[in-house]
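Take this sequence and fold it.
(2 chains)
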Amino acid sequence: MADGNGSSATPILEVRDVEKRFGATLALDRISLTLNKGEILALLGDNGAGKSTLIKILSGVVKPDAGEILIDGDRVSIGSPHDARALGIETVYQDLALFDNFDATGNFYAGREPVKPGWLGALGWVTDRSMARETEELLERLQVNIARDDEIGLMSGGQRQAVACARAIAFGKRIVILDEPTSALGARESGNVLRLIREAPEHGVSVILISHNMEHVMKVADRAVVLRQGKYVGEETPDAEHHERLVAMIVGSGADDSEDSEDSEDLEERFARDEKTAEERR
Amino acid sequence: MSAIGHASGIEVPRASDSGLKMVLWVIRMGPPLILLLLCLILTLLTPFFLTGDNLTNLLVQVAPLAAIAIGQLFVILVGGIDLSVGSLIALTTVTGSLAFQHLGGGFVTLVAMLLTGLLAGLINAVLYVKGRMPHSFIPTLAMLNAASGLALLLSDGRPTPGMPGIVTTIGGSDIAGIPVAIIVVAGLAGLAGMLARKLRWGRWIYLVGGDREAARRLGIPVDRVVMSVFLISGFCASVAGVITAGRTNAGFPTAGQLQELASISAVIIGGASFWGGRGTLTGAVVGAFIFGVINNGLNLLNVSVYWQLIAIGVIVVVAVELDVLRRQLEERFRTLQAHGS
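Alright, predicted model coming up:
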C-alpha cells in the first residue's frame, strides 16, 4: 500500500495488517481495509469471522497485537473507548447502552452533559434547557419522531434503536459503527432505522455496518467487505447482481481456504460473545 | 392524539397516547398522596394530631430519620444499600462526646462528629469498590457491627452526658416553634436536591444506577461515582448523629438501632426502586415522614408498638409491590408501542 497518495482521496479510516490473537488463536489475521469519507461500509461474515473483534479494536475495547490504524491519514492508537470517542468514533452495540430511567435528552448527553460557564460550571451545574433544545433540534434534523421528554424505558425496540443510532450519528464526528442495528426489530421498525443509517453521511459521518441481513445491507451499504475466520476474503458492491457471490464468500464455498481452524472458531466465539447473542436472537 | 409520522420520519406513537401512562403517574405520585391521606385520617381520628406541640414533636422525631434517608437514597440509586447508618449515628454521638471532653470547643466537636461519618463512609466505599465485594450489603454490614462495637468500647457501654452548645442548639432548640434540627435537615435536603437534579455528578449517580455497564462505556467514572454515594450516606448519618446527640445532650452508644432498616424502608416507601436508577429526594423525605406519622399516630391512638412494627412491614411490602407493578406496566407499554399504532 502506497503511502502519501495524499490529497482529498485520503480515506477517513484505514486499517493496515491488523492482527489479534486470543491465546493460541488468531482472531484477526492481517486484516486491511479502508473506509472512505461519506461511505457506508458493510462488514459481513459468519460467526467467528472476526467482525466483533475488529469493531472492538476500532472502538477501543480491545487492543490489536500488530498492524496500524490511520484516521484521515494519520496513525492513531485507540487505547480506550474514551480515545475512540475523542477521535470521533461512536459505536452502537447491540445492547444499545441506553438508560431506561432517562429521556432522550438524558441519553443523548449521558456522560457529556454540558455545564454552565463560571463557578456554577466548576460545580458541574448542567444546562438543562440548552440540552433539551439541542436534543429537539437533533431529533428534528435526523427526522426521528419521538418526544425528547419521554422516558426511554417506555419506548419500543425500534424507537430505542433509533435513539441510540441518532445519538451516535449526532455525536460521532467521523465514524459511526453499528453492530446489528436491525437484528431485534420487525419490518416496519427496521425500515425506519435503515433510513436513519442511509442518511447518516449527510450528517457528516461515515458508517461501518455489521449485519447478518443481506437484504438490509443491500438497501443501505455502498460496499461490503467479507471476513471469514479472521481473514479478509474479498469485497463487492452489495446489490442483486453480487448477492450470490457475497453469500459464497461468507460461507466459503468453492474457495481455496483451508478449513483447518475449527477450534479457533470456538475460541473466537467465546471472546466475541456479541455475535453469538445476535445469532440467538434471530 | 394518534400516531404522527411523516412519510420519511420515524413513525411512532407519542408515549402519552396511553392511559397506562396515567396509571404510572399515579404510582409515582403515590407517596405524597399516602402521606396526605394519613394526616387526614389521623386528624379525623384524634384531636391531638393536628396540634402545634405534636407537630413540633413529630418534626424532631423525624429529623434524624429524614437525614439518613437522604443519604440512603443515593446508595439505593446506584443499586446498593447502606446498613451502617444506624450504628454510625451512635458512633458519631460517642466521638462527639469524646472530642468535647478531650479537645473541648464546640466547633472542633462538630467537625469531629461529621468526620466520623465521612471516614466510615469512605471505608465502606473502599471495601465495596476497591475490595470488589459482590454487594454493598457486606461491607456496610461489617461497618454496622464494627461501628456499634467501637461506640460501645469508646463509651464503656454507657451514655456519656455533655455536649457543646452548638450541638445542643442543632438537636434541641427551635426558632419560632420550628425545630432547628428540621431546618438543618431541610438544608441538607436542599443540597442533596441540588446534587440530584442540577449537578453533573448527581446525573451520573442516576446513570450509573440505570445501567452500570453502559455508564462505564460512555466514559462515566463509575467507581468514583459509586464510592461517592457511601461518603454522602456516611455524612448524612453523622448529621443525624449530631441531631441525636444534641437532643439527648449525650454520647449515646446504643442510639440509632434499627434506623438503617427504617431509612431503607423510608426510601422504598418514598417510591425509589430497589433496582437502582429511580427515586427522588422528595420521595425519600416523604417516606421518612410517612414512617414518622404512622409511629406518631399509632402512639396517639394508644396502639401497641407491636402493631406499629407490623404496619411498617405491610407498608414496605406494598411499596415494593407498587414498584414491581410499575415495571410490569412499563413492559406492557413497550409491547404496545412495538406492535400497536
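
For the residue lying closest to B:Leu83 once chain neighbours are set aside, pull up the helix or strand it's in.
Of all residues not flanking B:Leu83 in the chain, B:Thr140 sits nearest, at 4.2 Å (Cβ to Cβ, 6 or more residues apart in numbering or on different chains). C-beta here means a position set from N, CA and C on the backbone, and glycine is covered the same way. Here B:Thr140 is covered by helix B:137-155, with elements defined by DSSP states H and E.

Show me what that helix is packed against.
helix B:85-102, helix B:106-125 (3 or more Cβ pairs under 8 Å, 6 or more residues apart in numbering or on different chains; DSSP states H and E).

for chain B, which helix is longest?
Looking across chain B with DSSP state H, the single longest helix is helix B:305-339.

What are the buried residues along that helix?
Neighbour-count burial for helix B:305-339 flags B:308, B:311-312, B:315-316, B:319, B:322-323, B:326, B:329-330, B:333-334, B:336-338 (criterion: 16 or more other Cβ atoms under 10 Å in any protein chain shown).

Show the pLDDT at residue 248.
Since you didn't name a chain, this refers to chain A. A:Ala248 carries a pLDDT value of 89.

Chain B, not that one
For B:Thr248, pLDDT reads 94.

could you pull out the helices for the stretch 151-282 of chain A?
Counting by DSSP state H, counting those that start in this stretch, the stretch 151-282 of chain A has these helices, from start to end: A:157-171, A:187-198, A:214-220, A:243-251, A:262-271, A:273-281.

if we can go back for a sec, and among the helices and strands packed on helix B:137-155, the most buried is which?
Most buried of the helices and strands packed on helix B:137-155 by mean neighbour count (mean count of other Cβ atoms under 10 Å in any protein chain shown) is helix B:85-102; its value is a mean of 27.

Could you export that helix as CSV, CA atoms only?
Provided in CSV are the C-alpha atoms of helix B:85-102 (Å, rounded to 0.1, in the frame of the first residue of the first chain):
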residue,chain,number,x,y,z
VAL,B,85,-26.1,4.3,59.1
GLY,B,86,-27.8,3.4,62.3
SER,B,87,-24.6,2.4,64.0
LEU,B,88,-22.9,5.5,62.6
ILE,B,89,-25.4,7.6,64.5
ALA,B,90,-24.3,6.0,67.7
LEU,B,91,-20.6,6.2,66.9
THR,B,92,-21.0,9.9,65.9
THR,B,93,-22.6,10.8,69.2
VAL,B,94,-19.8,9.0,71.1
THR,B,95,-16.9,10.6,69.1
GLY,B,96,-18.6,13.9,69.7
SER,B,97,-18.7,13.2,73.4
LEU,B,98,-15.0,12.2,73.5
ALA,B,99,-14.0,15.2,71.4
PHE,B,100,-15.9,17.5,73.7
GLN,B,101,-14.3,16.0,76.8
HIS,B,102,-10.7,15.8,75.5
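
what packs against it?
Using 3+ Cβ pairs under 8 Å, 6+ apart, helix B:85-102 sits against helix B:52-77, helix B:106-125, helix B:137-155, strand B:160-161, helix B:222-248, strand B:250-251, helix B:259-269.

list the buried ones in the helix holding B:Thr140?
B:139-144, B:147-148, B:150-152, B:154-155.

Alright, I will stop here.
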